[in-house]
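Student: pasted the sequence and its predicted model underneath.
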Amino acid sequence: MTQPDVTIVGGGLVGLSLAALLRESGLHIALLESDTLPRWPAPLGDRPFAPRVSALSPASQRILHRCGAWEGITARRATPYRHMHVWDGEGTGSIHFSAAELRVHELGHIVENDVVRSALTRCIESAPNIQVIEGARLDRAAPEARGLRLHLTGAKSLSTQLLVGADGARSRVRDLAGMRIRQWSYGQRAIVTTVRTDEPHSETAWQRFEAGAPLALLPLTAASGDDHFASVVWSLPDNRADAALALGDDEFDQSLSGAFEYRLGRIRAVDRRYSFPLQQCHALRYVVPRVALIGDAAHSIHPLAGQGVNLGLLDAAVLAEEILQGQARGLAPGALAALQRYQRRRQSHNLSLMAAMEGLYRTFGLESLPLQWLRNRGLDLVDQWSPLKNWLSAQATGLQPPAMGGSTKIAHQDP
Ligand SMILES: Cc1cc2nc3c(=O)[nH]c(=O)nc-3n(C[C@H](O)[C@H](O)[C@H](O)COP(=O)(O)OP(=O)(O)OC[C@H]3O[C@@H](n4cnc5c(N)ncnc54)[C@H](O)[C@@H]3O)c2cc1C
């Protein structure tokens, strides 16, 4: 296939989901990934868990179900969590969310990214209208009569009507299309590792805020039912991250257990430590004629929100819906009218969530005493005031809480 209607660059969770959502459209799709894609079933390896995991909201679960991937993911490995506990590490305020309060089975699932990617790869490999091209990068793009001519590394080229950038925070598609961004670095890195805790995780996603150093423990349950595992995401200023990465294993475990206030007893890392530089980035436009950005290519957000994949999956779902609706109205896949509808529906939602998370991050980065007092009172008040708490739960889960819409349902932003 040298003339796909739609070319998706990037086989991360978001690009693969878009391909899977378009698998029954009749459109010819090419998915280009510079690396290799994990094949089904994702090898579980000799480590207890893969290092990169995501907290997926029920809205994301619904999208992955529509992709045809969710059953495979849960059959392989996914840990539901029914509570979320957030507290101020420098004060007394805390807030607790529970699935029972929201009248849902769970608030979300912790999944290993490669388990999700391998389930999605399986879905698209069996689709005759989708061609997967691995081990080649998008290098250049030029306008031509049919749309765009894409030049890949290795001298291959494709002619396409719509180019979708799902190629992550350093998007080549975004650069080639000249789409401007607003970005800043937090001067922080996230240290990620898998740990074992003395106490079981109690199906709870834990988050402790400390000025400029949020720490999250995301629950993981092994196939044996062992529920003492968790994935740690510890965001630290660069100098503290360097120091934490240089510690010996015992010292690191002690430092982590202390930072987590021994709430689950002693914590021991059972994998090596990985580190990711953190930056916020947002494209001023998500679309130009024949080009659209989705996922981290359009926006990357601090992991304290645990929302990057969730926002990206909503992008993929809305773009797929607009492409299909445009197709039904006789529009070509790259038609600007359909792409602009996608941008209108997604950009304001992404921006408002990013602004809320940025506010949270900055509030917890401040050290003045009155602000600390307000922060503590604020968390306690939110915990007691159900309309605001419900609104926050809706943002975190993609669900509309009962108080806001009768029975619990997926929030408005989910197509
Ligand atoms: C420490 C940490 C923890 C996180 N935790 C969570 C969480 O709990 N929940 C959550 O929702 N989000 C979380 N996130 C965010 C989440 O990981 C990202 O938002 C998500 O991975 C973005 O997916 P993507 O598919 O858009 O991009 P990526 O995952 O970056 O995928 C892009 C793909 O494009 C390929 N590519 C790049 N350039 C080219 C090219 N020129 N040609 C061909 N292929 C190319 C790459 O190889 C890659 O496979 C976390 C992030 C971090 C750093």
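Tutor: In hand now; what should we look at?

Student: for the ligand, what are the nearby residues on this protein?
Tutor: 9-15, 32-35, 54-55, 137-138, 166-168, 172, 190, 192, 233, 276, 295-296, 303, 306-310, 312 (C-beta under 6 Å from any ligand atom). Heads up, the C-betas are built off the backbone N, CA and C, glycines and all.

Student: can you select the buried ones from the residues you listed in ChimeraX?
Tutor: Command for ChimeraX, covering only those of the residues of the chain next to the ligand found buried under the criterion 16 or more other C-beta atoms under 10 Å:
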select :9,10,11,12,13,14,15,32,33,34,54,55,138,166,167,168,172,190,192,233,295,296,303,306,307,308,309,310,312
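
Student: in strands, which of the residues of the chain next to the ligand appear?
Tutor: Val9, Leu32, Glu33, Ser54, Ala55, Leu138, Ala190, Val192, Val233, Phe276 (DSSP state E).

Student: which stretches of the stretch 51-200 of the chain have low pLDDT?
Tutor: For the stretch 51-200 of the chain, not a single residue meets the criterion pLDDT under 70.

Student: report the closest residue of the stretch 1-150 of the chain relative to the ligand.
Tutor: Residue nearest to the ligand within the stretch 1-150 of the chain (C-beta to the nearest ligand atom): Gly12, separated by 2.3 Å.

Student: that residue and Gly165 touch, don't they?
Tutor: No. The pair Gly12 / Gly165 is not scored as a contact, 11.2 Å apart, by C-beta atoms under 8 Å.

Student: next, give phi and psi for the residue of the stretch 1-150 of the chain closest to the ligand.
Tutor: The phi/psi pair for Gly12 (degrees, to the nearest 10) reads phi -80, psi -170.

Student: mean confidence for the lengthiest helix in the chain?
Tutor: Secondary structure of the chain read by DSSP state H shows that its longest helix is helix 336-365. The pLDDT scores in helix 336-365 average 83.

Student: show me what that helix is packed against.
Tutor: strand 274-283, strand 287-288, strand 291-293, helix 308-328, helix 369-384 (3 or more C-beta pairs under 8 Å, 6 or more residues apart in numbering; DSSP states H and E).

Student: that helix versus strand 274-283: what angle between them?
Tutor: Relative orientation of helix 336-365 versus strand 274-283 (axes from the mean of the first three to the mean of the last three C-alpha atoms, to 10 degrees): 130 degrees.

Student: tell me which residues in helix 336-365 are buried?
Tutor: Applying 16+ other C-beta under 10 Å to helix 336-365 flags 336, 338-343, 345-347, 349-350, 353-354, 357-358, 360-361, 364-365 as buried.

Student: and stretch 73-85, by the same measure?
Tutor: Ile73, Thr74, Arg76, Arg77, Ala78, Thr79, Pro80, Tyr81, Arg82, His83, Met84, His85.

Student: need the distance between the two termini of it.
Tutor: 25 Å (C-alpha to C-alpha, to the nearest Å).

Student: please state the offset of that stretch from the chain centre?
Tutor: 15 Å (C-alpha atoms, centre = their mean, to the nearest Å).

Student: what's the domain layout of the protein?
Tutor: What automatic domain parsing lists as the domains of the chain is 6-70+115-183+280-356, 81-112+186-278.

Student: quick one, which of those is packed in tightest?
Tutor: Mean neighbour counts were compared across those using mean count of other C-beta atoms under 10 Å; the top stretch is domain 6-70+115-183+280-356, at a mean of 20.

Student: mind listing the helices for the stretch 151-300 of the chain?
Tutor: Counting by DSSP state H, counting those that start in this stretch, the stretch 151-300 of the chain has these helices, from start to end: 172-176, 238-246, 249-259.

Student: mind putting the ones you listed into CSV with distance to Arg268?
Tutor: Listed next are those as CSV, based on distance: least, C-beta to C-beta, whole Å:
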stretch, distance to Arg268
helix 172-176, 40
helix 238-246, 15
helix 249-259, 5
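
Student: quick check on the nearest residue to Glu33 once chain neighbours are set aside: phi, psi?
Tutor: Leaving aside its sequence neighbours, Glu33 sits nearest to Gly11 (C-beta to C-beta, 6 or more residues apart in numbering; 3.3 Å). Taking degrees, to the nearest 10, you get phi -110, psi 40 for the backbone angles of Gly11.

Student: can we start the residue count at 249 from this point?
Tutor: Renumbered: residue one is now 249, and that last one reads Gly259.

Student: could you find the closest non-adjacent residue to Ala553?
Tutor: Closest to Ala553 by C-beta to C-beta, 6+ apart is Met605, at 4.1 Å.

Student: got the contact list for the one you found?
Tutor: Ile549, His550, Leu552, Ala553, Gln555 (C-beta atoms under 8 Å, 6 or more residues apart in numbering).

Student: tell me where the stretch 249-398 of the chain has strands.
Tutor: 254-257, 277-281, 301-304, 327-329, 331-336, 342-346, 356-360, 378-382, 386-392, 395-400 (DSSP state E, counting those that start in this stretch).

Student: between those strands, which one is closest to Glu447.
Tutor: Taking C-beta to C-beta, strand 331-336 is the member of the strands of the stretch 249-398 of the chain nearest to Glu447, at 13.0 Å.

Student: other SSEs contacting that closest one?
Tutor: strand 342-346, strand 452-457, helix 617-632.

Student: lowest-confidence stretch among these?
Tutor: helix 617-632 has the lowest average pLDDT among those, namely a mean of 60.

Student: once you drop chain neighbours, what's closest to the residue nearest in space to the middle of the chain?
Tutor: Nearest to the mean C-alpha position of the chain, counting by C-alpha atoms, centre = their mean, stands Val557 at 1.7 Å. Excluding the flanking residues, the one nearest Val557 by C-beta to C-beta, 6+ apart is Ser302, at 4.5 Å.

Student: swap in Ala489?
Tutor: Arg437 (4.0 Å).

Student: hang on, isn't that neighbour packed against Pro525?
Tutor: Yes. Assessed by C-beta under 8 Å, Arg437 is found in contact with Pro525 at 5.4 Å.

Student: tell me which residue of the stretch 549-663 of the chain lies closest to the ligand.
Tutor: For the stretch 549-663 of the chain, C-beta to the nearest ligand atom, closest residue to the ligand: Gly556, 2.2 Å.
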